[in-house]
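# Fold the following and give me the result.
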Amino acid sequence: MENSKFDISFIILTWNSEKYIEKCLQSIDDIPNFSTKIYIIDNGSQDNTISLLERAKSQLVHAQLEVILLSSNRGTTISRNLGLKKAYENSHYICVLDSDTVVNKSAITQLVEILSSDSTIGIVGPVLQGKDGSIQNSGRAIPTLSLKLFKVLPLKKLRERGAGKEQIPKTQAVTDVGYLMSACWMMPASLVKKIGFLDENIFYAPEDVEYCMRAWKYGYRVCYVKNASIIHAWQRLSRKKLLSKHNWEHIKGLLYLFCRYHCYFNKPDYIHYKN
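Predicted coordinates for the structure are as follows:
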């Protein structure tokens with residue numbers, strides 16, 4: 001690879017992330033076989049996150065760290081785009097990563113190797129495993145209005161039917177999925193050059209769905225890698241309080257998505273996966 005570019009740039013958001021960010025950064029620094037740059041965008045943390053990031057600058061051995069401080073929480077798209085705009089021209093690959101993850105050399109290497117061997121793939125993601133060993137449904141079907149309505153209906157059987165519509169069988173080593181949770185995306189920097197940055201009309205979610213749908217629309221596949229696994233604590237902020245800013249922004253984001261891609265009842269024809 002060219003010496004003028006980093007092998008991988010990591011884009012990480014923090015927001016009161018003092019419980020997680022040190023382990024996340026250390027896990028990246030423990031992967032010496034790639035030249036890495038980490039862009040941290042902090043969304044106005046009020047805990048000890050900032051001081052931990054300042055300390056990390058002098059403690060990391062292999063990775064370079066750049067911190068971008070915001071005065072308030074700007075959500076996931078505007079904030080991540082600040083990192084993407086810095087990274088996409090000086091990196092071969094970009095990894096969008098949550099601060100509550102712990103990565104490893106094997107998983108990161110596999111993701112890069114899959115992308116480098118198949119130009120039809122635009123975004124890959126590993127198995128996301130909770131600290132308790134549970135496997136998260138991180139590679140899903142495209143959400144439609146009908147699917148979301150099923151999931152909130154009062155009858156349990158109908159809710160289960162809605163949940164079932166999200167599932168995609170992952171029996172192959174690399175499985176095409178509608179979208180990947182953005183807790184860990186690996187993608188070539190050339191993808192960003194071609195399809196653009198995250199849609200800033202969405203504040204919090206479903207920015208991951210929209211970006212994966214856009215990748216499909218441009219002719220790229222979105223794939224789940226069965227044999228690569230990382231740890232994800234998965235804070236699930238939108239589920240902690242029913243009536244919250246996160247949930248309201250999520251609802252607005254979904255309505256925007258349904259209108260933009262006309263996915264009220266079915267996924268667009270250019271998105272190919274089996275479920």
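# list the buried ones in whichever strand or helix holds residue 247?
Following DSSP states H and E, one finds residue 247 within helix 245-261. Within helix 245-261, the residues that count as buried by 16 or more other C-beta atoms under 10 Å are 246, 247, 249, 250, 253, 254, 256, 257, 258, 261. Backbone N, C-alpha and C define where each C-beta goes, glycine included.
# quick one: contacts for the last one?
For residue 261, the set of contacting residues under the criterion of C-beta atoms under 8 Å, 6 or more residues apart in numbering consists of 210, 213, 268.
# Let's see that with 6 Å instead.
residue 213 (C-beta atoms under 6 Å, 6 or more residues apart in numbering).
# How much space separates it from residue 138?
21 Å (C-beta to C-beta, to the nearest Å).
# Flag the helix or strand of this structure with the lowest per-element mean pLDDT.
helix 156-166 (a mean of 80; mean pLDDT, DSSP states H and E).
# For that one, enumerate the helices and strands it packs against.
Here helix 156-166 touches helix 145-152, going by 3 or more C-beta pairs under 6 Å, 6 or more residues apart in numbering; DSSP states H and E.
# Any stretches of the stretch 101-250 of the chain with poor pLDDT?
Where the stretch 101-250 of the chain drops to pLDDT under 70, the residues are 235-243.
# Mind jotting down where the strands sit in it?
Chain-ordered strands for the stretch 101-250 of the chain, with DSSP state E, counting those that start in this stretch as the definition, fall at 101-102, 121-129, 139-140, 174-176, 179-180, 184-188, 221-232.
# Show me what the third one is packed up against.
In this case it means strand 139-140. With contacts defined as 3+ C-beta pairs under 6 Å, 6+ apart, strand 139-140 has no helix or strand neighbours.
# again with the fifth one
Secondary-structure packing of strand 179-180 (3+ C-beta pairs under 6 Å, 6+ apart): helix 207-217.
# what does the helix it packs on rub up against?
Under C-beta under 6 Å, 6+ apart, the answer for helix 207-217 is 76-77, 122-123, 179, 181-182, 195, 198-199, 222, 257, 261, 270-271.
# what bridges to residue 8?
residue 36, residue 93 (DSSP bridges).
# Give me the distance between it and residue 226.
From residue 8 to residue 226 the distance is 21 Å (C-beta to C-beta).
# So between these two, which is more surrounded?
residue 8 (24 against 15; other C-beta atoms under 10 Å).
# Check what pLDDT the more buried one gets.
With respect to pLDDT, residue 8 scores 98.
# The one 5 residues further on too?
With respect to pLDDT, residue 13 has a value of 98.
# Next, please give the residue ranges for the helices of the stretch 1-150 of the chain.
21-29, 49-59, 77-87, 105-117, 145-152 (DSSP state H, counting those that start in this stretch).
# got the contact list for residue 74?
residue 43.
# actually residue 183, not the one I wrote
Residue 183 makes contact with 98, 101, 128, 232, according to C-beta under 6 Å, 6+ apart.
# How about it, nearest residue that isn't a chain neighbour?
Spatial nearest neighbour of residue 183, chain neighbours left out: residue 98 (4.2 Å); criterion: C-beta to C-beta, 6 or more residues apart in numbering.
# Which among the strands of the stretch 101-250 of the chain is found nearest to residue 50?
Among the strands of the stretch 101-250 of the chain, the nearest to residue 50 by C-beta to C-beta is strand 101-102 (19.7 Å).
# Can you give me the neighbour number for residue 120?
Counted with other C-beta under 10 Å, residue 120 comes out at 9.
# gap between residue 29 and residue 56?
9 Å.
# The two: who's more crowded?
For the pair residue 29 and residue 56, the greater number of neighbours falls to residue 56 (20 against 17), based on other C-beta under 10 Å.
# check contacts around the more buried one.
Residue 56 sits in contact with residue 25, where contact means C-beta under 6 Å, 6+ apart.
# Need phi/psi at the residue nearest the centre of the chain.
Residue closest to the average C-alpha location in the chain (C-alpha atoms, centre = their mean): residue 182, at 1.3 Å. Backbone torsions for residue 182, taken as degrees, to the nearest 10, come to phi -80, psi 20.
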